[in-house]
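Participant: here is my input, please return the structure:
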Amino acid sequence: MHSLAPGQTPGNHTMSQGISAVADMSGGYHTYGVDWQPDTLTFYFDGQEIYRTPTPAGLDKPMYMIANLAVGGSWPGDADASTPFPAQMNIDYMRAYQASPGAAALEPVFHFYDAASGRHFYTASAGERAQLESTPSGYAYQGVGWAAPVSSSATADVFRFTNPTTGDHFYTTSTAERDGLLSDGSGYNYDGVAFDAYASSTAAGSHALTVERFVNTESGRHYYASSADEISYIEQGHAGSGWIDEGHAFTLHAPTANMFGM
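Facilitator: Below you'll find the predicted structure:
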């Protein structure tokens, strides 16, 4: 972390740093975050805090984000004949959020259902919602299914996959599961982050909604349920054979009628 306090020059600027050992990062996407508060800067890797430092006086004004693939310099060393070119830095998304003091920052997760196939689809993207509503895809809009927390250090990304052959969708917060599907030739295509969920099941507070994930060992399809009655119905075999409860998938909010003014 570099900063320029009043009276400092680049040659005598303020710097603080921490080192954190993580697994090989080249096998898949990872999330990197920083929570910039008036008193502290907290850095995160895949949702886990890895470094915290006091916020210096120089970081008290609006700034912009930049992501670049730097080459050379005194730290990594100058490029030479062994330096691989061309090189790539692949970024799935970049987001910036401002805290809303005293209130939980939430966004709606839109729910679609295809009655012919029984498939469900969830997205927090208003653009994706509008596209589905205007395209004869068979999916009918069901309203706001869940209230998701806005991405922060206390949340986990919910990754979505689509099987283009069957039309089935799959959701997971596990980066290991995501990377496994990216590399195992399962037939699922990675759609990116569909919405965010609470990293801890206790963080949602009131209106907490725990979603269970089921897999059908005969068809390979997945189903998500939050209703205790619905979960019990499936577990007792009334939904048909082959369904297995895979456990807690993620935690969100049960949307209320006026939560989003919709």
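Participant: what about the helices in the stretch 1-150 of the chain?
Facilitator: Counting by DSSP state H, counting those that start in this stretch, the stretch 1-150 of the chain has helices at residues 126-134.
Participant: could you list the paired strands of the worst-scoring helix or strand of the chain on mean pLDDT along with their orientation?
Facilitator: Least confident element among the helices and strands of the chain, by mean pLDDT, DSSP states H and E: strand 14-15 (a mean of 84). Next to strand 14-15 in the sheet, as set by DSSP bridges, lie strand 2-3 (antiparallel).
Participant: contacts for the strand it pairs with, please.
Facilitator: 13, 14, 15, 56, 57, 58, 59 (CB atoms under 8 Å, 6 or more residues apart in numbering). In this view, the C-beta of every residue, glycine as well, is placed from N, C-alpha and C.
Participant: swap the cut-off to 7 Å and go again
Facilitator: Defining contact as CB atoms under 7 Å, 6 or more residues apart in numbering, one finds that strand 2-3 is touched by 13, 14, 15, 56, 58, 59.
Participant: filter these to the buried ones?
Facilitator: 56, 59 (16 or more other CB atoms under 10 Å).
Participant: closest one to residue 251 out of the contacts of strand 2-3, please.
Facilitator: residue 59 (32.3 Å; CB to CB).
Participant: measure stretch 113-127 end to end?
Facilitator: For stretch 113-127, the first-to-last residue distance is 17 Å (CA to CA, to the nearest Å).
Participant: right, and residue 225 touches residue 231 too?
Facilitator: Yes - using CB atoms under 7 Å, residue 225 is in contact with residue 231, at 5.1 Å.
Participant: shared neighbours of the two, which are they?
Facilitator: Joint contacts of residue 225 and residue 231 (CB under 7 Å, 6+ apart) are residue 212.
Participant: comparing these two, which residue is more hemmed in?
Facilitator: The neighbour comparison of residue 225 against residue 231 (other CB atoms under 10 Å) goes to residue 225, with 20 against 16.
Participant: what about the more buried one, distance to residue 233?
Facilitator: Relative to residue 233, residue 225 is positioned 9 Å away (CB to CB, to the nearest Å).
Participant: with residue 203 instead?
Facilitator: Between residue 203 and residue 233 the computed distance is 28 Å (CB to CB).
Participant: likewise residue 197?
Facilitator: 23 Å.
Participant: compare the two (neighbour count), which wins?
Facilitator: residue 197 (25 against 13).
Participant: mind listing what that one touches?
Facilitator: 148, 155, 156, 158, 173, 250, 251, 252.
Participant: the fifth one: how many residues sit nearby?
Facilitator: In this case it means residue 173. By other CB under 10 Å, neighbour count at residue 173 equals 20.
Participant: same thing with the second one?
Facilitator: By other CB under 10 Å, 25 other residues sit near residue 155.
Participant: does the closest residue to it other than its chain neighbours have beta-bridge partners, and which?
Facilitator: Taking CB to CB, 6 or more residues apart in numbering, and ignoring the residues beside it in sequence, residue 155 has residue 196 as its nearest neighbour in space, at 4.3 Å. Taking DSSP bridges as the rule, residue 196 bridges to residue 157.
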